[in-house]
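*Asks:* Provided below for reference: sequence and predicted model.
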Amino acid sequence: MKLAKGINIGGYLSQCSHQAEHYETFFTEEDVQKIQAWGFDHIRLPFDYSVIQTDEGEAIIEGIELLRRNVLWCQKHGINIVLDLHKASGYDFNHAGDSGKNNLFNSDKLVTKFLELWKLAAKEFGIYTNVAFELLNEVVESENSDSWNALIKRAVKVIREIAPNTPIIYGGIRWNSADTLELLDPPASYNIIYTFHFYEPLLFTHQKAHWVKNISMENVSYPGSMVDYKAGSEMLGIQGEAVVNSEAEEINKAFIAAMIAAAVAAAGQAGVPLYCGEFGVIDQAPVSDTLRWLEDTLEAFSDNKIGHAIWTYKKMDFGLTDEHYSPIRKNMIRTLTK
(Lines give C-alpha, C1' and ligand atoms only; values in the text may rest on other atoms or scores of the structure.)
Protein backbone atom coordinates (compact mmCIF):
# COMPACT_ATOMS: atom_id res chain seq x y z
CA MET A 1 0.00 0.00 0.00
CA LYS A 2 1.30 3.46 -0.92
CA LEU A 3 1.18 6.00 1.88
CA ALA A 4 3.77 8.30 0.32
CA LYS A 5 1.99 11.65 0.07
CA GLY A 6 -1.27 12.30 1.84
CA ILE A 7 -3.46 14.87 3.52
CA ASN A 8 -5.47 14.82 6.74
CA ILE A 9 -9.19 15.49 6.81
CA GLY A 10 -9.26 17.07 10.25
CA GLY A 11 -12.46 18.52 11.67
CA TYR A 12 -14.71 16.13 9.73
CA LEU A 13 -15.29 13.14 12.02
CA SER A 14 -13.23 14.35 14.99
CA GLN A 15 -12.75 17.71 16.70
CA CYS A 16 -16.08 18.66 15.22
CA SER A 17 -19.81 19.02 15.72
CA HIS A 18 -21.10 15.48 15.42
CA GLN A 19 -24.24 16.37 13.47
CA ALA A 20 -25.67 14.89 10.27
CA GLU A 21 -25.56 18.23 8.43
CA HIS A 22 -21.88 18.64 9.22
CA TYR A 23 -21.12 15.10 8.01
CA GLU A 24 -22.91 15.75 4.74
CA THR A 25 -21.34 19.12 3.91
CA PHE A 26 -17.82 19.31 5.39
CA PHE A 27 -16.25 16.72 3.08
CA THR A 28 -17.66 15.17 -0.09
CA GLU A 29 -16.68 12.97 -3.00
CA GLU A 30 -15.73 16.10 -4.92
CA ASP A 31 -13.07 16.79 -2.31
CA VAL A 32 -11.67 13.28 -2.80
CA GLN A 33 -11.54 13.92 -6.54
CA LYS A 34 -9.70 17.20 -5.97
CA ILE A 35 -7.19 15.58 -3.62
CA GLN A 36 -6.48 12.81 -6.12
CA ALA A 37 -6.16 15.30 -8.99
CA TRP A 38 -3.62 17.29 -6.99
CA GLY A 39 -1.43 14.19 -6.85
CA PHE A 40 -1.95 12.89 -3.30
CA ASP A 41 -2.09 9.10 -2.95
CA HIS A 42 -4.02 8.87 0.33
CA ILE A 43 -6.02 10.63 2.97
CA ARG A 44 -5.70 10.22 6.72
CA LEU A 45 -9.19 10.31 8.20
CA PRO A 46 -9.35 11.07 11.94
CA PHE A 47 -12.53 9.80 13.58
CA ASP A 48 -13.83 9.66 17.14
CA TYR A 49 -14.94 6.40 18.71
CA SER A 50 -18.43 7.90 19.10
CA VAL A 51 -18.90 7.86 15.32
CA ILE A 52 -19.10 4.05 15.27
CA GLN A 53 -19.52 3.00 18.89
CA THR A 54 -21.98 4.00 21.64
CA ASP A 55 -20.91 4.70 25.21
CA GLU A 56 -22.24 1.22 26.01
CA GLY A 57 -19.96 -0.28 23.36
CA GLU A 58 -22.62 -1.07 20.77
CA ALA A 59 -21.96 -0.59 17.05
CA ILE A 60 -23.49 2.49 15.37
CA ILE A 61 -24.55 1.32 11.92
CA GLU A 62 -24.95 4.84 10.51
CA GLY A 63 -21.42 5.73 11.56
CA ILE A 64 -19.96 2.58 10.08
CA GLU A 65 -21.66 3.37 6.78
CA LEU A 66 -20.31 6.93 6.95
CA LEU A 67 -16.77 5.58 7.22
CA ARG A 68 -17.50 3.07 4.47
CA ARG A 69 -18.69 5.88 2.20
CA ASN A 70 -15.30 7.54 2.52
CA VAL A 71 -13.47 4.26 1.97
CA LEU A 72 -15.45 3.66 -1.22
CA TRP A 73 -14.93 7.21 -2.47
CA CYS A 74 -11.19 6.71 -2.08
CA GLN A 75 -11.35 3.31 -3.72
CA LYS A 76 -13.30 4.75 -6.66
CA HIS A 77 -10.74 7.52 -7.21
CA GLY A 78 -7.69 5.34 -6.75
CA ILE A 79 -6.32 6.53 -3.43
CA ASN A 80 -5.77 4.91 -0.04
CA ILE A 81 -7.23 5.84 3.32
CA VAL A 82 -5.90 5.67 6.88
CA LEU A 83 -8.68 5.22 9.44
CA ASP A 84 -7.19 7.04 12.43
CA LEU A 85 -8.88 6.63 15.82
CA HIS A 86 -8.35 10.20 16.95
CA LYS A 87 -10.23 9.97 20.24
CA ALA A 88 -10.97 6.72 22.08
CA SER A 89 -13.46 6.15 24.85
CA GLY A 90 -11.35 7.15 27.84
CA TYR A 91 -8.53 8.80 25.90
CA ASP A 92 -8.31 12.22 24.28
CA PHE A 93 -4.96 13.93 23.65
CA ASN A 94 -6.62 17.24 24.56
CA HIS A 95 -6.96 15.93 28.13
CA ALA A 96 -3.30 15.00 28.48
CA GLY A 97 -2.34 14.55 32.13
CA ASP A 98 -5.95 14.40 33.39
CA SER A 99 -6.24 10.87 34.79
CA GLY A 100 -9.90 11.43 35.57
CA LYS A 101 -10.78 11.91 31.90
CA ASN A 102 -7.98 9.88 30.34
CA ASN A 103 -8.52 6.61 32.17
CA LEU A 104 -8.32 4.16 29.26
CA PHE A 105 -5.12 2.54 30.52
CA ASN A 106 -6.50 2.07 34.05
CA SER A 107 -9.86 0.56 33.15
CA ASP A 108 -10.42 -3.04 32.06
CA LYS A 109 -13.87 -2.01 30.81
CA LEU A 110 -12.46 0.71 28.56
CA VAL A 111 -9.66 -1.52 27.29
CA THR A 112 -12.26 -4.12 26.34
CA LYS A 113 -14.28 -1.43 24.61
CA PHE A 114 -11.19 -0.25 22.70
CA LEU A 115 -10.48 -3.79 21.54
CA GLU A 116 -14.11 -4.28 20.53
CA LEU A 117 -13.93 -1.11 18.42
CA TRP A 118 -10.96 -2.45 16.49
CA LYS A 119 -12.60 -5.85 16.16
CA LEU A 120 -15.59 -4.05 14.63
CA ALA A 121 -13.39 -1.97 12.32
CA ALA A 122 -11.45 -5.03 11.22
CA LYS A 123 -14.67 -6.88 10.40
CA GLU A 124 -16.15 -3.96 8.44
CA PHE A 125 -13.07 -2.55 6.70
CA GLY A 126 -10.44 -5.29 6.67
CA ILE A 127 -11.90 -6.47 3.36
CA TYR A 128 -10.76 -3.31 1.55
CA THR A 129 -7.24 -3.25 0.13
CA ASN A 130 -7.03 0.56 0.23
CA VAL A 131 -7.50 0.80 4.03
CA ALA A 132 -4.94 1.08 6.85
CA PHE A 133 -5.76 1.20 10.57
CA GLU A 134 -4.14 3.69 12.96
CA LEU A 135 -4.70 2.45 16.51
CA LEU A 136 -4.80 5.73 18.45
CA ASN A 137 -3.74 9.31 17.86
CA GLU A 138 -1.15 10.89 20.17
CA VAL A 139 -0.78 9.09 23.47
CA VAL A 140 0.92 11.74 25.57
CA GLU A 141 1.87 10.76 29.14
CA SER A 142 5.23 9.12 29.83
CA GLU A 143 3.69 7.00 32.59
CA ASN A 144 1.48 5.30 29.99
CA SER A 145 4.38 4.04 27.86
CA ASP A 146 4.31 0.45 29.14
CA SER A 147 0.52 0.30 29.17
CA TRP A 148 0.43 1.61 25.60
CA ASN A 149 2.82 -1.12 24.48
CA ALA A 150 0.63 -3.74 26.13
CA LEU A 151 -2.52 -2.35 24.50
CA ILE A 152 -0.86 -2.23 21.08
CA LYS A 153 -0.04 -5.91 21.35
CA ARG A 154 -3.61 -6.82 22.26
CA ALA A 155 -5.16 -4.60 19.59
CA VAL A 156 -2.92 -5.95 16.84
CA LYS A 157 -3.82 -9.52 17.85
CA VAL A 158 -7.55 -8.71 17.69
CA ILE A 159 -7.21 -7.10 14.26
CA ARG A 160 -4.98 -9.81 12.80
CA GLU A 161 -7.49 -12.54 13.68
CA ILE A 162 -9.98 -10.83 11.32
CA ALA A 163 -7.91 -8.70 8.93
CA PRO A 164 -4.60 -10.53 8.39
CA ASN A 165 -3.27 -8.19 5.70
CA THR A 166 -4.43 -4.69 6.65
CA PRO A 167 -1.52 -2.35 7.50
CA ILE A 168 -1.54 -1.28 11.17
CA ILE A 169 -0.05 2.05 12.17
CA TYR A 170 0.99 3.23 15.64
CA GLY A 171 3.45 5.60 17.25
CA GLY A 172 5.06 6.50 20.55
CA ILE A 173 4.11 8.70 23.47
CA ARG A 174 4.47 12.47 23.94
CA TRP A 175 2.15 13.42 21.09
CA ASN A 176 3.73 10.84 18.75
CA SER A 177 7.13 12.50 19.09
CA ALA A 178 9.88 11.31 16.79
CA ASP A 179 12.17 10.48 19.70
CA THR A 180 9.70 8.17 21.47
CA LEU A 181 9.46 5.47 18.81
CA GLU A 182 12.47 3.86 20.46
CA LEU A 183 10.26 3.17 23.50
CA LEU A 184 7.98 0.88 21.51
CA ASP A 185 8.28 -2.88 21.89
CA PRO A 186 9.38 -4.79 18.76
CA PRO A 187 6.63 -4.85 16.12
CA ALA A 188 3.64 -6.83 17.31
CA SER A 189 3.01 -8.41 13.89
CA TYR A 190 3.89 -8.15 10.21
CA ASN A 191 2.73 -5.21 8.04
CA ILE A 192 3.29 -2.70 10.84
CA ILE A 193 4.06 0.97 10.14
CA TYR A 194 5.59 3.29 12.73
CA THR A 195 4.24 6.83 12.79
CA PHE A 196 5.32 10.14 14.29
CA HIS A 197 4.02 13.70 14.15
CA PHE A 198 6.26 16.62 13.33
CA TYR A 199 5.64 20.22 14.34
CA GLU A 200 9.15 21.28 15.27
CA PRO A 201 9.97 23.91 16.18
CA LEU A 202 6.59 24.44 17.86
CA LEU A 203 7.44 28.09 18.41
CA PHE A 204 7.22 28.55 14.64
CA THR A 205 4.57 26.03 13.54
CA HIS A 206 2.12 27.00 16.32
CA GLN A 207 2.87 30.71 16.69
CA LYS A 208 -0.11 32.64 18.07
CA ALA A 209 -2.01 29.39 18.72
CA HIS A 210 -4.35 30.34 21.55
CA TRP A 211 -4.51 26.76 22.86
CA VAL A 212 -0.73 26.47 23.45
CA LYS A 213 0.20 27.89 26.84
CA ASN A 214 2.87 30.63 26.69
CA ILE A 215 3.25 30.45 22.91
CA SER A 216 4.58 33.58 21.20
CA MET A 217 1.96 36.04 19.98
CA GLU A 218 4.53 37.79 17.78
CA ASN A 219 5.61 36.79 14.27
CA VAL A 220 8.24 34.04 14.37
CA SER A 221 10.47 33.56 11.33
CA TYR A 222 11.97 30.44 9.77
CA PRO A 223 14.91 29.89 9.45
CA GLY A 224 15.89 31.57 12.70
CA SER A 225 18.44 32.15 15.42
CA MET A 226 18.84 29.28 17.87
CA VAL A 227 19.39 31.77 20.69
CA ASP A 228 16.03 33.40 20.03
CA TYR A 229 14.27 30.08 19.54
CA LYS A 230 15.64 28.64 22.77
CA ALA A 231 14.51 31.69 24.71
CA GLY A 232 10.99 31.38 23.37
CA SER A 233 10.88 27.59 23.66
CA GLU A 234 11.84 27.60 27.33
CA MET A 235 8.42 29.11 28.01
CA LEU A 236 6.68 26.07 26.47
CA GLY A 237 7.80 23.51 29.02
CA ILE A 238 7.83 19.93 27.71
CA GLN A 239 6.59 21.11 24.31
CA GLY A 240 9.68 23.26 23.88
CA GLU A 241 12.23 20.71 25.06
CA ALA A 242 13.25 19.59 21.58
CA VAL A 243 14.58 23.06 20.82
CA VAL A 244 15.95 23.76 24.29
CA ASN A 245 17.96 20.51 24.24
CA SER A 246 19.02 20.79 20.59
CA GLU A 247 22.70 21.02 19.72
CA ALA A 248 21.97 22.56 16.32
CA GLU A 249 23.53 25.94 15.66
CA GLU A 250 20.48 27.36 13.90
CA ILE A 251 16.82 26.53 13.29
CA ASN A 252 17.05 25.37 9.69
CA LYS A 253 17.11 22.28 7.47
CA ALA A 254 19.87 20.66 9.53
CA PHE A 255 17.79 21.11 12.68
CA ILE A 256 14.81 19.39 11.05
CA ALA A 257 16.95 16.46 9.88
CA ALA A 258 18.33 16.08 13.40
CA MET A 259 14.83 16.13 14.90
CA ILE A 260 13.63 13.15 12.86
CA ALA A 261 16.85 11.12 13.14
CA ALA A 262 15.64 9.19 16.20
CA ALA A 263 12.46 8.12 14.39
CA VAL A 264 14.45 6.99 11.36
CA ALA A 265 16.76 4.98 13.58
CA ALA A 266 13.92 3.35 15.54
CA ALA A 267 12.03 2.32 12.40
CA GLY A 268 15.24 0.98 10.88
CA GLN A 269 15.98 -1.06 13.99
CA ALA A 270 12.43 -2.45 13.97
CA GLY A 271 12.53 -3.14 10.23
CA VAL A 272 9.30 -1.26 9.51
CA PRO A 273 8.32 1.66 7.23
CA LEU A 274 8.14 5.14 8.74
CA TYR A 275 5.21 7.51 8.28
CA CYS A 276 4.67 11.09 9.44
CA GLY A 277 0.92 11.21 10.03
CA GLU A 278 0.78 14.92 10.82
CA PHE A 279 2.92 17.98 10.11
CA GLY A 280 2.20 21.55 9.10
CA VAL A 281 2.28 25.24 9.94
CA ILE A 282 -0.50 27.33 11.45
CA ASP A 283 -2.28 29.99 9.40
CA GLN A 284 -0.74 32.71 11.58
CA ALA A 285 2.81 32.24 10.29
CA PRO A 286 4.38 34.29 7.47
CA VAL A 287 3.56 32.40 4.27
CA SER A 288 7.01 32.67 2.71
CA ASP A 289 8.55 31.14 5.84
CA THR A 290 5.85 28.46 5.87
CA LEU A 291 6.87 27.40 2.38
CA ARG A 292 10.56 27.32 3.32
CA TRP A 293 9.81 25.14 6.38
CA LEU A 294 7.66 22.84 4.26
CA GLU A 295 10.34 22.46 1.58
CA ASP A 296 13.02 21.68 4.16
CA THR A 297 10.78 19.20 5.99
CA LEU A 298 9.75 17.39 2.80
CA GLU A 299 13.39 17.17 1.72
CA ALA A 300 14.24 15.49 5.02
CA PHE A 301 11.32 13.10 4.58
CA SER A 302 12.37 12.29 1.03
CA ASP A 303 15.98 11.67 2.04
CA ASN A 304 14.74 9.09 4.55
CA LYS A 305 11.88 7.58 2.51
CA ILE A 306 9.25 8.78 4.99
CA GLY A 307 5.62 8.81 3.84
CA HIS A 308 3.58 11.73 5.10
CA ALA A 309 0.19 13.40 5.48
CA ILE A 310 -0.05 17.18 5.85
CA TRP A 311 -2.32 18.65 8.53
CA THR A 312 -4.90 19.51 7.18
CA TYR A 313 -7.26 19.85 4.18
CA LYS A 314 -9.50 22.67 5.41
CA LYS A 315 -10.11 24.90 8.43
CA MET A 316 -8.71 23.79 11.84
CA ASP A 317 -6.20 26.72 11.73
CA PHE A 318 -4.05 24.75 9.28
CA GLY A 319 -6.37 24.33 6.28
CA LEU A 320 -4.52 24.02 2.99
CA THR A 321 -7.57 25.22 1.06
CA ASP A 322 -8.09 28.31 3.24
CA GLU A 323 -7.42 31.89 2.16
CA HIS A 324 -4.24 32.36 4.20
CA TYR A 325 -2.33 29.91 2.00
CA SER A 326 -3.55 31.29 -1.33
CA PRO A 327 -0.22 32.97 -2.25
CA ILE A 328 1.72 29.72 -1.79
CA ARG A 329 -0.91 26.98 -2.24
CA LYS A 330 0.24 25.86 -5.69
CA ASN A 331 3.83 25.65 -4.49
CA MET A 332 2.73 23.82 -1.33
CA ILE A 333 0.83 21.21 -3.33
CA ARG A 334 3.70 20.84 -5.77
CA THR A 335 6.13 20.29 -2.88
CA LEU A 336 3.80 17.88 -1.07
CA THR A 337 3.08 15.69 -4.10
CA LYS A 338 6.36 15.54 -6.00
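*Replies:* Yep, that arrived.
*Asks:* did I read that right, G100 in a strand?
*Replies:* No: counting by DSSP: H, G, I helix; E, B strand; the rest coil, G100 is not found in a strand; it is coil.
*Asks:* three-state assignment of R69?
*Replies:* What three-state DSSP gives for R69 is helix.
*Asks:* Okay, helices next: where are they in the protein?
*Replies:* Per DSSP state H, the chain carries helices over the ranges 20-25, 29-38, 61-76, 108-125, 145-162, 173-176, 202-205, 226-233, 241-244, 253-270, 287-303, 329-337.
*Asks:* out of these, deepest packed?
*Replies:* Mean neighbour count (mean count of other CB atoms under 10 Å) peaks for helix 202-205 among the helices of the chain, with a mean of 25. Backbone N, C-alpha and C define where each C-beta goes, glycine included.
*Asks:* Check which helices and strands it sits against.
*Replies:* The helices and strands touching helix 202-205, judged by 3 or more CB pairs under 8 Å, 6 or more residues apart in numbering; DSSP states H and E, are helix 226-233, helix 241-244, helix 287-303.
*Asks:* need those in TSV with distance to I193 and mean pLDDT, can you?
*Replies:* Output for the helices and strands packed on helix 202-205, formatted as TSV (distance: least, CB to CB, whole Å; pLDDT from 0 to 100):
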stretch	distance to I193	mean pLDDT
helix 226-233	30	96
helix 241-244	23	94
helix 287-303	14	98
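*Asks:* Those helices: which one's closest to T321?
*Replies:* Judged by CB to CB, the one of the helices and strands packed on helix 202-205 that comes nearest to T321 is helix 287-303, at 14.4 Å.
*Asks:* between that closest one and helix 253-270, how many degrees?
*Replies:* Taking axes from the mean of the first three to the mean of the last three CA atoms, to 10 degrees, helix 287-303 and helix 253-270 form an angle of 30 degrees between their directions.
*Asks:* Adjust the sequence numbering to begin at 123 for everything that follows.
*Replies:* New numbering, starting at 123: the last item is helix 409-425.
*Asks:* separation between L237 and Y312?
*Replies:* Using CB to CB, to the nearest Å, one obtains 20 Å as the distance from L237 to Y312.
*Asks:* Pull the contacting residues for H446.
*Replies:* For H446, the contacting residues are D405, V409, by CB atoms under 8 Å, 6 or more residues apart in numbering.
*Asks:* again, but for the one 4 residues further on
*Replies:* Taking CB under 8 Å, 6+ apart as the definition of contact, the neighbours of I450 are V409, S410, T412, L413.
*Asks:* Is the first one in contact with P449, as I believe?
*Replies:* By that I understand V409. Yes: judged on CB atoms under 8 Å, V409 makes contact with P449 at a distance of 5.3 Å.
*Asks:* before we move on, the earlier item: looking at the helices of the chain, which is nearest to E304?
*Replies:* Comparing these by their distance to E304 (CB to CB), the top pick is helix 375-392, with 4.5 Å.
*Asks:* how about low-confidence regions in the stretch 323-460 of the chain?
*Replies:* Along the stretch 323-460 of the chain, segments meeting pLDDT under 70 are nowhere present.
*Asks:* count of neighbours near E256?
*Replies:* Neighbour count for E256, taken as other CB atoms under 10 Å: 23.
*Asks:* So it versus I274, what's the distance?
*Replies:* 11 Å.
*Asks:* and V204, what does it touch?
*Replies:* 125, 128, 164-167, 253-256, 291, 399, 431.
*Asks:* what do you get if the cut-off is 10 Å, keeping everything else the same?
*Replies:* By CB atoms under 10 Å, 6 or more residues apart in numbering, the contact set of V204 is 123, 125, 128, 130, 164-168, 196, 253-256, 289, 291, 315, 317, 397, 399, 429, 431.
*Asks:* Going through the residues you listed, which ones are buried?
*Replies:* Buried members of the contacts of V204, counted by 16 or more other CB atoms under 10 Å: 123, 125, 128, 130, 164-168, 196, 253-256, 289, 291, 315, 317, 397, 399, 429, 431.
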